[in-house]
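K.L.:
Just a sequence and a predicted model for now, questions to come.
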Amino acid sequence: MNDNGKIVTALLAGLAAGAILGILFAPEKGSETREKINESLADLGDAIKERAEEQFDQLNDFKEKIVATLKTKLGKADSYIDEEIEEHA
């Protein structure tokens, strides 16, 4: 994970922790507090899923670039080998 990913993850974790602490110390009924905590955790889960999807997409793009580069290099190597075979035949 790159530095930006780590920063975003830490930021999300900090926001979630702050929200939960704020809710826990708020003077409300227990049922309301539990509901707010559940909502906060659902939001955090959604943010984590979204971030994971972004990371997966980036990894997939990276994989596709590597595969394309390897195919290009293998094609060049194949051409070079064919040329050498023809030259020495």
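P.N.:
Arrived safely.
K.L.:
Show me the helices in the chain, by range?
P.N.:
Taking DSSP state H, the helices of the chain run over residues 3-24, 30-88.
K.L.:
Mean pLDDT and mean neighbour count for the ones you listed - can I get that in JSON lines?
P.N.:
Any C-beta I mention is one placed from the backbone N, CA and C, and that applies to glycine too. Listed next are the helices of the chain as JSON lines, based on pLDDT from 0 to 100; neighbours: other C-beta atoms under 10 Å:
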{"stretch": "helix 3-24", "mean pLDDT": "79", "mean neighbour count": "12"}
{"stretch": "helix 30-88", "mean pLDDT": "87", "mean neighbour count": "11"}
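K.L.:
Geometrically speaking, which residue is the centre of this protein?
P.N.:
Ranked by distance to the mean C-alpha position of the chain (C-alpha atoms, centre = their mean), the top residue is residue 55 at 1.9 Å.
K.L.:
Would you confirm that that one contacts residue 5?
P.N.:
Yes - judged on C-beta atoms under 8 Å, residue 55 makes contact with residue 5 at a distance of 6.6 Å.
K.L.:
Residue 16 is in contact with residue 48, correct?
P.N.:
No - assessed by C-beta under 8 Å, residue 48 is found out of contact with residue 16, at 9.4 Å.
K.L.:
anything in contact with each of the two?
P.N.:
When C-beta atoms under 8 Å, 6 or more residues apart in numbering defines a contact, no residue borders residue 48 and residue 16 alike.
K.L.:
Let me know the distance separating residue 77 from residue 70.
P.N.:
10 Å (C-beta to C-beta, to the nearest Å).
K.L.:
let me redo that: residue 4
P.N.:
Counting by C-beta to C-beta, the gap from residue 4 to residue 70 is 27 Å.
K.L.:
now do residue 34
P.N.:
53 Å.
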